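1. with the input below, show me the fold.
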Amino acid sequence: MDFTFNLYAIVLILFGALALLLSYYIYKKEGGAVRIFGLLMLSSAIWSLGYGFELASPILEQAKLFVDIEYLGISTIPLNWLLFCLKLSGKERWYKQKINISIQIAIAIIVTLVVWTNDLHHLHFKGFHMDTTGDFPMLALEMGPFYWIFTIYFYVLLAIGSYLLITTFRKSDPIYKKQNYSIIIAAFIPWIANLAYFFGFRPFGDLDITPFSFIITVFLISISIYRFKLFDILPVAREKALELMQDGFAILDSKNRIIDYNSAFRKYLLDFKENKIMGTQIELLFPDQQKLLALINERQSGKTELKVQNSAGSFDLEAEIKTLNENHLKLNSEAVIIKLQDLTALREEALKSKSQTEELQQLNQLKDRIFSIIAHDLRGPLINLSEIIKMTSNDMITIEEFKVLAPTLSRDISYTTDLLDNILHWSRSQLKGYGINKVFFDLKSMLVNEINYHLPVAEAKKVQIIQDVFPGEMVYADRLMIQIVVRNILNNAIKFCNENCKIHITAVYKTDGFIELCIEDNGIGMSESVLKKMFNGEGASTRGTMNEKGTGLGLVICKEFIEKNDGKLIVKSEIGKGSSFYIYLPVDVK
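-> Numbers count the residues shown, from 1 in each chain. Prediction:
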């Protein structure tokens, strides 16, 4: 090859070689945005070296060969510039999508292939000739249609990258001022140079000064990297850190205007558009939070709690105020930082924990009560029965005396049986994995069986049970559980009725998919306080009108069993007037 080196060619070759070495060093030693910058420097180095040797080539074919080499760098510069700016501004998720990066790489390859095969179609360059009118021979190019298409693409990617840089650095703090200025100035140098060449401002004839401008750009950014430690303190690092924080942060200036915030802070605001938050007075964003505004206006560091409600929901927040008058940043000394910590989940968890603790305490109390009943009420009747049997066996009492004691023994055994039934059924329902066998069954037939079971006791006490339920009224529940509920309520009704009282049982359909089963008596009734204690198992057993024993467990079991069957139990009672038990049972699958 024949070369005639001139000053421009020598400058481009020397700086291109230096850029080539630096690109290798940066790519191997660094990572992240710096590594992408190494690729950008490599593209610029290839362009500079190729153009340098083109300027030193006096022969047309030799110059065209170096034009082909140049386009290895020219076609990849816009791509690498965009990737660099995306990484620097924290938008790298764009090029991590395979389709996006694949399209850009494909464009670079197509541009290079079009240039290399230009002699076949002349789409990129219409013609070439050597211009010998200047100080040295220079290749003159006549541009084709594809050249203008690529130029538009080139400018679009440069513009997007520059826009990303400007928007990123516009919101950054003053601590990044030197880095920001160096990169923005470096970014606009190639624009100025290329636009000058494009519009015909060519002080050096056909000499394209764009490669020279890219050399200046990469070296300015290199200085920023190692002089200002550009990538040691990245604005985007600060942006990412704030965006990743779950707590809301905002910075106010001396006039209480928002000058910076993160996305978590925006979540707690009223329905403000994002572009209207910056520069807005804090009073407009939190109009009803007087304690918060007082701390901010008085420039006092401290904490306060506030409740915020917007379209996203209701939030319990803790606001921490920090003034900047004690730090050494070069910011307004009256600036304020607001940190909003969401306490909603913590408080919900605390309430849930409190509820579980209370429920556990109630279960423990109920368990203790059951053991107390077993130890006292269950043991007593069995001991009495055992002693009477021994005395009868030893002829210590006569048959007539035994007949006198028999009614009392019968009541004790009946009481003990009911007690054991309740304890066993309740205990089984508390077992892990205990299943509820819900079926459709006829409510009337179940009620008739229970009434017949209690009829002897009711007749002995001269209590009338009136059943007014139509046959065929079906409910969907666990039949055994509902049977236990009805048995306990009927037993209580008889227990607390005087002679000649009435118990009235009715059932009606409700519009919300339930049957209302009502067991009403005109007995002695209960006070509200007694009723409340009986439902949670705290109340002591109350004897009936004929001194019948009770355990106090019946209503606890009734309430739990009804709720497990998706129903509800409501009790209304008044002393001297009687009690009404309303049982709501579903008529279909819930």
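
2. how long is stretch 508-520 end to end?
-> Stretch 508-520 has its terminal residues 14 Å apart, counting by C-alpha to C-alpha, to the nearest Å.

3. just the strands from the chain, written as ranges.
-> Counting by DSSP state E, one finds strands in the chain at the ranges 125-131, 138-143, 248-252, 258-261, 302-310, 313-323, 336-342, 438-442, 464-468, 474-478, 502-509, 514-521, 568-574, 578-586.

4. average model confidence for the fifth one?
-> When pLDDT is averaged over strand 302-310, the result is 84.

5. tell me which of the strands of the chain sits nearest to residue 527.
-> Among these, the nearest to residue 527 by C-beta to C-beta is strand 568-574 (7.8 Å). Where C-beta positions appear, they are placed from N, C-alpha and C, glycine not excepted.

6. could you count how many residues lie near residue 84?
-> Residues near residue 84, counting by other C-beta atoms under 10 Å, number 25.

7. if you could redo that for residue 103, that was the one I meant.
-> Counted with other C-beta under 10 Å, the neighbours of residue 103 add up to 10.

8. ditto for residue 311
-> If you count neighbours by other C-beta under 10 Å, residue 311 ends up with 6.

9. what pLDDT does residue 272 get?
-> Reading off the model, residue 272 has pLDDT 57.

10. now stretch 335-354: buried residues?
-> 335, 336, 337, 338, 339, 340, 341, 342 (16 or more other C-beta atoms under 10 Å).

11. no no, stretch 50-60
-> Quick answer for stretch 50-60 (16+ other C-beta under 10 Å): 50, 51, 52, 53, 54, 55, 56, 57.

12. which among those residues gets closest to residue 296?
-> Closest approach between those and residue 296, by C-beta to C-beta: residue 51, at 58.7 Å.

13. distance-wise, check the closest one relative to residue 138.
-> 11 Å (C-beta to C-beta, to the nearest Å).

14. coming back round to it: do you know which of the strands of the chain lies nearest residue 9?
-> strand 138-143 (10.2 Å).

15. who does the closest one pair up with?
-> strand 125-131 (antiparallel) (DSSP bridges).

16. please list the residues outside the strand it pairs with that contact it.
-> With C-beta atoms under 8 Å, 6 or more residues apart in numbering as the test, strand 125-131 has contacts from 58-60, 63-64, 115, 118, 137-144, 147, 205-206.

17. could you rerun that using 6 Å?
-> 60, 118, 137, 138, 140, 141, 142, 144, 206 (C-beta atoms under 6 Å, 6 or more residues apart in numbering).

18. of the residues you listed, just the buried ones, PyMOL syntax please.
-> Restricted to buried positions by 16+ other C-beta under 10 Å, the PyMOL selection for the contacts of strand 125-131 reads:
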select buried, resi 118+137+138+141+144
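
19. most widely separated two among the contacts of strand 125-131?
-> For the contacts of strand 125-131, and using C-beta to C-beta, no pair is farther apart than 137 and 144, which are 22.5 Å apart.

20. re the thing from before, ranking the strands of the chain by mean pLDDT, which is last?
-> strand 258-261 (a mean of 79).

21. quick check: which ranges of the stretch 451-590 of the chain have low pLDDT?
-> The stretch 451-590 of the chain contains residues with pLDDT under 70 at 534-554, 590.

22. ok, which stretches of it are helices?
-> Remark: helices assigned in the stretch 451-590 of the chain by DSSP state H, counting those that start in this stretch are 479-495, 528-536, 554-564.

23. quick one, the longest one and strand 514-521 angle?
-> Relative orientation of helix 479-495 with respect to strand 514-521: 30 degrees, computed using axes from the mean of the first three to the mean of the last three C-alpha atoms, to 10 degrees.

24. report the distance from helix 479-495 to the chain centre.
-> 47 Å (C-alpha atoms, centre = their mean, to the nearest Å).

25. what helices or strands is it leaning on?
-> helix 443-460, helix 554-564 (3 or more C-beta pairs under 6 Å, 6 or more residues apart in numbering; DSSP states H and E).

26. so that helix versus strand 438-442, what angle?
-> Using the same axes, to 10 degrees, helix 479-495 lies at 50 degrees relative to strand 438-442.

27. can you check the last one too?
-> Between helix 554-564 and strand 438-442, the angle formed by their directions is 110 degrees, by the same axes, to 10 degrees.

28. list the buried residues for helix 554-564?
-> Going by 16+ other C-beta under 10 Å, helix 554-564 has these buried residues: 554, 555, 556, 557, 558, 559, 560, 561, 562.
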